[in-house]
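Got a predicted structure here, sequence first:
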Amino acid sequence: MRRNLAARIGVWSAHHRKTAILGWLLFVVLAAGIGGASGMVEMTDAENGAGDSARAEQILSDAGLSHRAGELVMVSSAEPDGWRTAARELAAAVQDTGEVTGLADPVASKDRKDALITFEMKGDPDTAADRVQPVLDAVAGVEKARPDVTVSQFGDASAGKWLGDLLSDDFKKAEFTAVPLALGILLVAFGAVVAALLPVALALTACMAAFGLLSLASHQLHLFQTTYSVMFLMGFAVGVDYCLFYLRRERDERAAGRDAETALRIAAATSGRAVLVSGLTVMVAMAGMFLSGLMLFKGFALATITVVCIAMLGSVTVLPALLSWLGDRIEAGRVPLLNRRGRRGDKQSGRIAGRVLRPVLNRPKFFAAASVVVLLVLAVPAIGMKTESLGLEKQFGSDSALSVAYRDISETFPGGPAPAQVVVEADDISAPAVRKALAGFDHVTVHRAQNVAEFEVPLPGGEKDLTALREDRLPAAFGSSGAHAYVTGEVAGSVDFNDQLKRGIAPVFLFITAVTFLLMLFCFRSYVIAVTSILLNLLSVAAAYGVMTAVFQHGWGAGLIGSEGVGAVESWMPLFVLVVLFGLSMDYHVFVVSRIREARGRGLANRAAIDEGIRRTAGAVTGAAVIMVAVFSVFATLSMQDMQQMGVGLAVAVLLDATLVRMVLLPSVMALLGERNWRTPRGLGRLPSPAHDEPSADPAPAPVGSGPR
């Protein structure tokens with residue numbers, strides 16, 4: 001029988017296992033070493049933004065006028081003017097660090113019980129967070145020596161340091177929690193230490209290589225701070241899943257009495273092929289993020305495509321080589337109770353799946369309708385979804401010191417922590433008309449050599465005041481002056497980012513749906529299966545949106561995971577979750593439908609093929625889903641709000657996808673469609689048929705190292 005590409009790769013790797021294994025190790029070491037030495041380059045504010053705010057940042061950058069890292073310190077006392085002595089001591093202590101400039105006199109609040117001290121960090125604002133610790137120590141020292149006052153600090157450098165420390169701690173927590181968790185699940189599933197270690201080791205080495213390659217690529221495409229976390233989340237989950245699918249099929253064939261070579265060849269031709277199709281689909285879906293028009297998503301796309309590609313290639317090359325080399329030693333390190341459970345696992349999963357499928361296939365209309373209703377009910381909260389670029393004060397939780405400081409300063413000095421920053425560009429910044437327009441604003445800094453001016457405007461009313469500033473006040477002042485005024489800052493950046501997302505989501509959605517349809521159409525040669533794939537994915541995504549909105553916007557059940565409602569979903573999350581879930585859903589869909597197609601190719605009737613395909617894949621899909629949900633759930637327990645949202649959204653979607661969608665909705669819909677599932681469009685009838693059928697069980701002439709029993 002003609003072998004498909006995955007089978008040819010698997011057989012080659014098995015016969016050249018030393019080349020495959022050493023080649024993989026060399027690739028990982030070189031990629032990780034060279035990439036680690038090059039370091040990662042993060043994107044600038046201008047690159048991370050959109051619209052007018054990005055234009056303002058770019059003007060300043062081009063003129064060499066990047067903003068210094070500003071800091072705000074509020075000193076509060078119980079009595080009016082009771083803060084004065086502490087404020088003088090604090091200003092002196094901060095000045096003595098030698099790290100600050102532009103230290104301003106304290107500004108008193110209306111009731112004179114609070115004073116706001118502002119200053120800036122010297123040097124490059126990108127490295128200010130690395131140099132702010134002496135300033136933090138000076139402020140803390142004054143607060144400790146003056147128990148009669150309360151001191152609150154918030155700023156670019158202090159928040160940046162907090163964020164950097166938190167991201168580092170969170171990434172270590174994710175890595176040191178997700179890896180043992182996945183290993184434990186695989187140990188229960190296989191009952192043997194070597195079989196459990198193999199997928200984890202391959203997934204980790206794939207992530208290491210991807211980290212190195214991404215660091216190299218970041219010198220051309222600058223990345224966001226959380227990109228490495230996103231890469232690890234995707235790479236580890238997908239890498240373990242791909243190996244699990246492959247390894248499970250090989251063990252199934254050995255349990256069915258096949259010799260080592262035949263079992264490996266069948267696993268390569270079936271599960272290996274499903275891994276290739278799934279990985280390609282995931283990568284193509286991720287490529288849709290390049291159409292968003294935002295560098296943030298381009299970085300996410302590059303990171304996820306890189307790690308999925310490496311994990312996929314490792315699963316179809318080095319994994320069969322390792323299986324060929326290990327042979328029966330894959331069972332080494334058996335855990336007696338777990339080993340018996342692992343051996344019974346597929347049969348138990350198959351029996352449970354059979355009990356679930358029996359009523360589903362007997363009453364497909366009822367179960368299809370009920371499943372759709374459940375998913376739509378979960379999706380209802382998404383109708384009122386509100387998105388925004390969550391500021392650092394919301395990212396860290398309302399009880400964190402940084403959030404408390406931000407809130408106290410904002411309430412006492414409205415618009416202080418997040419003012420609008422206006423950048424004015426003109427051919428001649430000294431022209432009389434421009435000078436007259438600038439005279440209407442306070443604290444204007446003019447850079448004559450660059451023909452640029454800048455000033456700040458408080459926004460106590462948030463977006464409402466920003467709209468008034470952009471549409472009324474600035475046009476009235478500069479409309480006839482010949483100068484152009486652009487607004488940036490936290491509020492403006494969030495508004496512009498959201499506007500770009502709204503424009504970018506349509507082309508991304510059209511791209512991933514169209515490409516997914518074409519891939520499924522060619523893979524299964526059925527437009528019905530292609531359309532069904534897209535509709536099922538959309539239902540899973542809608543349900544995930546609803547749960548994210550309910551938990552993080554409205555706060556329903558947020559306390560159960562140690563989080564809280566912040567009134568909005570992170571602005572980049574809906575598009576990211578859409579693309580990722582569209583790709584990840586294909587893992588299970590391709591794996592399950594491929595097995596149904598195999599049974600169908602052997603001559604089974606539609607319902608019998610559905611029953612056999614789902615029962616035979618139940619163990620692998622359950623194990624893969626448990627690992628993915630566990631890894632994503634780890635991210636739901638991290639400190640950052642956006643990581644929590646991503647973890648919950650992906651975990652819920654995968655859980656629903658692997659249970660309700662694949663076990664109930666998919667079989668019921670396929671049963672209702674009957675023979676229409678397998679209709680091949682005329683145009684595809686002339687193309688070579690992608691092989692789904694199981695390869696011949698006859699062993700190859702030469703053995704491929706079964707290893708000692």
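Yep, that arrived.

could you measure residue 290 against residue 454, distance?
According to Cβ to Cβ, to the nearest Å, residue 290 and residue 454 sit 33 Å apart. For glycine as for every other residue, the C-beta is placed from the backbone atoms N, C-alpha and C.

swap in residue 399?
Separation of residue 399 from residue 454 (Cβ to Cβ): 35 Å.

out of the two, which sits in the busier spot?
More crowded of residue 399 and residue 454, by other Cβ atoms under 10 Å: residue 454, with 22 against 8.

partners of that one in the sheet?
residue 423, residue 445 (DSSP bridges).

Got the confidence number for it?
Model confidence at residue 454, given as pLDDT, is 90.

What residues does it make contact with?
Going by Cβ atoms under 8 Å, 6 or more residues apart in numbering, residue 454 touches 60, 65, 421, 422, 423, 424, 444, 445, 447.

In the host helix or strand of residue 230, which residues are buried?
Assigned by DSSP states H and E, residue 230 belongs to helix 227-255. For helix 227-255, the neighbour count (16 or more other Cβ atoms under 10 Å) marks 227-254 as buried.

So for whichever helix or strand comes after it, mean pLDDT?
Next helix or strand after helix 227-255 toward the C-terminus (DSSP H and E): helix 260-267. The pLDDT scores in helix 260-267 average 86.

and if you look at stretch 515-535?
For stretch 515-535, the mean pLDDT works out to 85.

end to end, how far does that stretch reach?
Taking Cα to Cα, to the nearest Å, stretch 515-535 runs 14 Å from one end to the other.

contacting residues around it?
If you take Cβ under 8 Å, 6+ apart as the criterion, stretch 515-535 is touched by 277, 280-281, 284-285, 288, 513, 537, 582, 585-586, 589-590, 593, 597, 666, 669-670, 673, 676-681, 684-685, 687, 689-690, 692.

rerun that using 6 Å as the cut-off
By Cβ atoms under 6 Å, 6 or more residues apart in numbering, the residues outside stretch 515-535 that reach it are 277, 281, 284, 513, 589, 673, 676, 677, 678, 680, 681, 684.

any idea which of the residues you listed is closest to residue 91?
Distance to residue 91, by Cβ to Cβ, is smallest for residue 284 among the contacts of stretch 515-535, at 57.5 Å.

And the closest one, how far from residue 304?
Taking Cβ to Cβ as the measure, residue 284 falls 11 Å from residue 304.

check contacts around the closest residue to residue 231 other than its chain neighbours.
Once flanking residues are discounted, residue 231 sits nearest to residue 303: 4.2 Å by Cβ to Cβ, 6 or more residues apart in numbering. Residue 303 makes contacts with 214, 227, 230, 231, as judged by Cβ under 6 Å, 6+ apart.

got it, and residue 287?
Shown in contact with residue 287 (Cβ under 6 Å, 6+ apart): no residues.

Go again with 10 Å.
301, 302, 304, 305, 508, 511, 512, 515, 579, 583 (Cβ atoms under 10 Å, 6 or more residues apart in numbering).

mind showing which ranges of the protein have poor pLDDT?
1-3, 337-350, 415-418, 682-709 (pLDDT under 70).

Next one: the most centrally placed residue in it from residue 7, what distance?
The centroid of the chain falls nearest to residue 230 when counting by Cα atoms, centre = their mean (4.1 Å). From residue 230 across to residue 7, the span is 33 Å (Cβ to Cβ).

got it, and residue 107?
Taking Cβ to Cβ, one finds residue 107 at 74 Å from residue 7.

Can you list phi and psi of the residue in the chain sticking out farthest from the centre for me?
The centre of the chain is farthest from one residue, residue 432, which by Cα atoms, centre = their mean lies 50.7 Å away. Per-residue torsions, residue 432: phi -60, psi -40 (degrees, to the nearest 10).

Is it in contact with residue 481, as I believe?
Yes: applying Cβ atoms under 10 Å, one finds residue 432 in contact with residue 481, separated by 9.0 Å.

Can you show me the strands along the stretch 1-150 of the chain?
70-77, 100-101, 107-108, 114-121, 149-155 (DSSP state E, counting those that start in this stretch).

The third one pairs with which strands?
Pointing back at strand 107-108 there. strand 114-121 (antiparallel).

Just the CA atoms of the partner strand, as PDB, please.
C-alpha atoms of strand 114-121 as PDB (Å, rounded to 0.1, in the frame of the first residue of the first chain):
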ATOM      1  CA  ASP A 114      -2.300  65.000  50.900                       C
ATOM      2  CA  ALA A 115       0.600  66.100  48.700                       C
ATOM      3  CA  LEU A 116       1.800  64.800  45.400                       C
ATOM      4  CA  ILE A 117       5.500  64.700  44.600                       C
ATOM      5  CA  THR A 118       6.500  64.100  41.000                       C
ATOM      6  CA  PHE A 119       9.900  63.300  39.500                       C
ATOM      7  CA  GLU A 120      11.500  61.300  36.600                       C
ATOM      8  CA  MET A 121      14.100  58.700  36.400                       C
END
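
gap between it and the chain center?
Taking Cα atoms, centre = their mean, to the nearest Å, one finds the center of strand 114-121 at 36 Å from the center of the full chain.

same deal with stretch 584-600?
Its chain's C-alpha centre and that of stretch 584-600 lie 25 Å apart, by Cα atoms, centre = their mean.

mind saving the C-alpha coords of it as PDB?
The C-alpha trace of stretch 584-600 is given here as PDB (Å, rounded to 0.1, in the frame of the first residue of the first chain):
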ATOM      1  CA  LEU A 584      -6.300  23.600  19.000                       C
ATOM      2  CA  SER A 585      -9.800  22.300  18.300                       C
ATOM      3  CA  MET A 586      -8.300  20.700  15.200                       C
ATOM      4  CA  ASP A 587      -6.200  18.500  17.400                       C
ATOM      5  CA  TYR A 588      -9.100  16.400  18.600                       C
ATOM      6  CA  HIS A 589     -11.200  16.900  15.500                       C
ATOM      7  CA  VAL A 590      -8.700  15.700  13.100                       C
ATOM      8  CA  PHE A 591      -7.700  12.800  15.400                       C
ATOM      9  CA  VAL A 592     -11.300  11.600  15.900                       C
ATOM     10  CA  VAL A 593     -12.600  12.100  12.400                       C
ATOM     11  CA  SER A 594      -9.500  10.500  10.900                       C
ATOM     12  CA  ARG A 595     -10.300   7.400  13.000                       C
ATOM     13  CA  ILE A 596     -13.900   7.500  12.000                       C
ATOM     14  CA  ARG A 597     -12.700   7.800   8.400                       C
ATOM     15  CA  GLU A 598     -10.500   4.700   8.800                       C
ATOM     16  CA  ALA A 599     -13.400   2.700  10.000                       C
ATOM     17  CA  ARG A 600     -15.500   4.000   7.200                       C
END
